[in-house]
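J.: Predicted model follows, preceded by the sequence.
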Amino acid sequence: MVSEVHQFSADVNSVLKIVVESLYKNDEVFLRELISNASDALEKRRYQSLQDSHKGDEKLGIEIKFDDQYIEVIDNGIGMNKEELIQHLGQIAHSGTKATIQQLQEAKENNALIGQFGVGFYSAFVVADEVIVKTRKLDDDKGWIWITKTDENSYSIDEIAELPVGTSVRLKLKENKKDFANHWKIQQIIQKYSDHISFPITMYQPKDADDKDQETPEEVPTVVNKAEAIWTRSKKQNKEADYFSYYQHINHHDPENPALYGDFRVEGKVSYNSIVFVPQKAPFDLWHREHQHGLKLYVQRVFIQDEQDALLPMYLRFVKGMVDTQDLSLNVSREMLQNSPVVEQIKASLTKKVLGLLTNLAKDHPEKYLDFWKQFGAVIKEGIGEDFQNRDQIVALLRFKSSTRKGLISLKDYTEKVQKDQKTIYYLTTDRMSAGLSSPHLEIFNQKNIEVLMLDEKIDEWLVSHLRTFESFSLQSIAHGGLDHLSDKDQKTEDKDQTKDAAFSEFFEKVKGELKDKIKDVKSSTRLTNSPCCLISDQAEMSSHLKRILKEAGQDTPDTKPIFEINTQHPLVQKAYSETETSQFQKYVQLLYGQALLMDGEQLEDPSSFVKTMNELMTVDVSTSQ
């Protein structure tokens, strides 16, 4: 029979180069990767056996064999069929596009990201120049052999007869990696990375040739791992290193230890054990809500599923770990789990415990919490609109940038330093912190030394739409509505300003006439102290910042127009006022409006025309001054 030869879906040499240079600088982790894959296959077979009892008779486990040239990892797990071989081993990172290679290259500097691209199997090539995979899927009659070499960009697949269910991965060691073909070294690696695997890992070692009762040496099977689930031991038995080792197993693409972990043993109406971890760094696919795995659910140590939102809400999707309970049936279906009151109770309980873990971190280790917030804060913000039951606890976890303080602050921090009689928490949404700090909307607040929260993440617009109040304070955008309540003018000054505004009323109408298709109204500003003008949104309307975000995402936005606020004290405005009856008036209006657009983060419709107008007015001023 002629072998089928397939091309890899990506340049395997490029991928392997990145893998070797980045994730797998420590080459011994290849064994951890292969054992982890074998463990996953065994978990799937154990779950499958629950659906069909006669398939559960065989003792499940992993075997490691080696000689001076080869290392082989064998499991009797679920196995693969031909299509799965091509999908899992032939489609590198399940993509194979040049974009994948580019993403890998860009992620090289961040080891916490590299491994997320689904190239774990290819760690085998760190030590091997040839890989042979033999596999047969449960309930399939056909077995398959898959072969590739490092110097080829292709692989072959052949059908193979009389193969047991499961998978074997046989590595032909490179000349400079043959030191791995050593019993004690392999055992040391297993105990370092995979000691907690809940399946026995058996090694075959030669019996002592000097044994007088044995004519010839023979292979002696030895279980080299504890084969004990970490959550079945008491907390006192577990050391920090045990938790870190387990984290590396369930999140083995992350080379770093977790930033935080919790071990929960809950007894009551619903009982469960759970170990959860918070990584130090966010994965590259943090925002791919539909593509992630969640906590692993076990029933009496039998793996059931790891669907994303089964045991924790989506805004905690970065949390890794497991839950084991005896309050579910072993033969529970995935469909039944979706509507299970037991699962819902576990989810509600565990959510509170994870939020409590973060609350304690913020209280006891504020600097470490800020490191966490920089990685996962934007995701936590999703919880404000998704989890009303835990809303207060989530609000307490929020952190924001400030117009007056360095670092990040909580809403509680803000309210503890408000001015006398202030009942409003002011905020400004902006594309960048630097742009926000130079915004004309801030001027009156800077003058009065009133703190403003600077919201520079896209999700912040969504956040404030769901967070209207905090304790007795209301939240208000400084780029929305009027700010007359901030005025501290006496009655005499107020009357004088009203008289002046009345004198400007005809000017305002003419400005509005020039910009009639672009603005809703023209008003005298109480928020500007240094700038000539700015754009604001009506109190009940969508902000220009949110409209810009939605447009960038290709979504429709309401056809609303901004209000044009003018600082009548500014020299440029007074110059425009003096030109009301001249041909220069239109140019001054366009100059003022263009400035307001730019300061609001908008794009000019015709930059060339704007520059031309500005140059003409500057030329006139220069000529006049001469």
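T.: Nice, I can see it. Numbering: from 1, shown residues only.
J.: For the nearest residue to residue 140 once chain neighbours are set aside, give me its contacts.
T.: For residue 140, ignoring the flanking residues on the chain, the nearest one in space by CB to CB, 6 or more residues apart in numbering is residue 81 at 5.5 Å. All C-beta spots, glycine's among them, are computed from the backbone N, C-alpha and C. Going by CB atoms under 8 Å, 6 or more residues apart in numbering, residue 81 touches 137, 140, 142, 144.
J.: For burial, what's the neighbour tally of residue 229?
T.: Using other CB atoms under 10 Å, residue 229 has 17 neighbouring residues.
J.: Now the residue nearest to residue 140: phi and psi?
T.: phi -100, psi -180 (degrees, to the nearest 10).
J.: Residue 126 versus that one, what's the distance?
T.: Applying CB to CB, to the nearest Å, the value for residue 81 to residue 126 is 27 Å.
J.: Quick check: residue 561 vs residue 569, distance?
T.: Taking CB to CB, one finds residue 561 at 25 Å from residue 569.
J.: Residue 36 too?
T.: Per CB to CB, residue 36 is found 69 Å from residue 569.
J.: Neighbour count: the two, which is higher?
T.: Using other CB under 10 Å, the more surrounded residue of residue 36 and residue 569 is residue 36, with 20 against 15.
J.: buried stuff in stretch 515-525?
T.: For stretch 515-525, the buried set under the neighbour-count rule, 16 or more other CB atoms under 10 Å, comprises 515, 519, 520, 522, 524, 525.
J.: again with stretch 232-251
T.: Residues 238, 242, 243, 245, 246, 247, 248, 249, 250, 251 are the ones in stretch 232-251 that count as buried (16+ other CB under 10 Å).
J.: end-to-end on it?
T.: Using CA to CA, to the nearest Å, the gap from the first to the last residue of stretch 232-251 comes to 20 Å.
J.: so how far is it from its chain's centroid?
T.: Averaged C-alpha coordinates place stretch 232-251 at 24 Å from its chain's average position (CA atoms, centre = their mean, to the nearest Å).
J.: what about that stretch, average pLDDT?
T.: Stretch 232-251 shows an average pLDDT of 89 in the prediction.
J.: ok, which stretches of the stretch 101-250 of the chain are strands?
T.: For the stretch 101-250 of the chain, applying DSSP state E, counting those that start in this stretch gives strands covering 128-136, 143-149, 154-160, 166-173, 201-206, 219-223.
J.: low pLDDT regions in the stretch 251-400 of the chain?
T.: The stretch 251-400 of the chain contains residues with pLDDT under 70 at 289-292, 308, 330-335.
J.: Apply 80 and report the result again.
T.: 252-253, 284-293, 300-305, 307-309, 329-339 (pLDDT under 80).
J.: Tell me the spacing between residue 412 and residue 58.
T.: Residue 412 sits 58 Å away from residue 58, going by CB to CB.
J.: Same check on residue 552?
T.: 55 Å.
J.: try residue 295
T.: Distance, residue 295 to residue 58, using CB to CB: 28 Å.
J.: neighbour count winner among those two?
T.: Under the criterion of other CB under 10 Å, the comparison of residue 295 against residue 58 puts residue 295 first, with 29 against 12.
J.: Which element is encountered next along the chain beyond the helix or strand where that one lies?
T.: Counting by DSSP states H and E, the element that carries residue 295 is strand 293-299. Following strand 293-299 in sequence order, the next helix or strand is strand 302-307 (DSSP H and E).
J.: Using PDB, list the CA coordinates for that following strand.
T.: C-alpha atoms of strand 302-307 as PDB (Å, rounded to 0.1, in the frame of the first residue of the first chain):
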ATOM      1  CA  VAL A 302     -13.600  11.400  36.500                       C
ATOM      2  CA  PHE A 303     -13.100  14.200  34.000                       C
ATOM      3  CA  ILE A 304     -16.400  15.300  32.500                       C
ATOM      4  CA  GLN A 305     -15.800  18.600  30.700                       C
ATOM      5  CA  ASP A 306     -14.000  22.000  30.600                       C
ATOM      6  CA  GLU A 307     -16.500  24.300  28.800                       C
END
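J.: List the buried residues in it.
T.: 302, 303, 304, 305, 306.
J.: all helices for the stretch 251-400 of the chain, in order.
T.: 334-338, 341-364, 366-380, 383-386, 391-397 (DSSP state H, counting those that start in this stretch).
J.: Reformat the buried residues of stretch 515-525 into TSV and put distance to residue 265, secondary structure and pLDDT next to each item.
T.: Listed next are the buried residues of stretch 515-525 as TSV, based on distance: CB to CB, whole Å; DSSP: H, G, I helix; E, B strand; the rest coil; pLDDT from 0 to 100:
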residue	distance to residue 265	secondary structure	pLDDT
515	67	coil	94
519	63	coil	94
520	60	coil	93
522	66	strand	95
524	65	strand	92
525	61	coil	92
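J.: which stretches of the stretch 101-250 of the chain have low pLDDT?
T.: Along the stretch 101-250 of the chain, the parts satisfying pLDDT under 80 run over 101-122, 150-154, 193, 196, 205-220, 227-228.
J.: any idea how the chain splits into domains?
T.: For the chain, the structural domains run 4-226, 232-376, 399-478, 489-537+559-625, going by automatic domain parsing.
J.: For my notes, please list the buried residues of strand 302-307 in CSV and give distance to residue 394 for each entry.
T.: As requested, those are arranged in CSV below (distance: CB to CB, whole Å):
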residue, distance to residue 394
302, 33
303, 30
304, 28
305, 26
306, 24
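J.: Right, I'll call it a day here.
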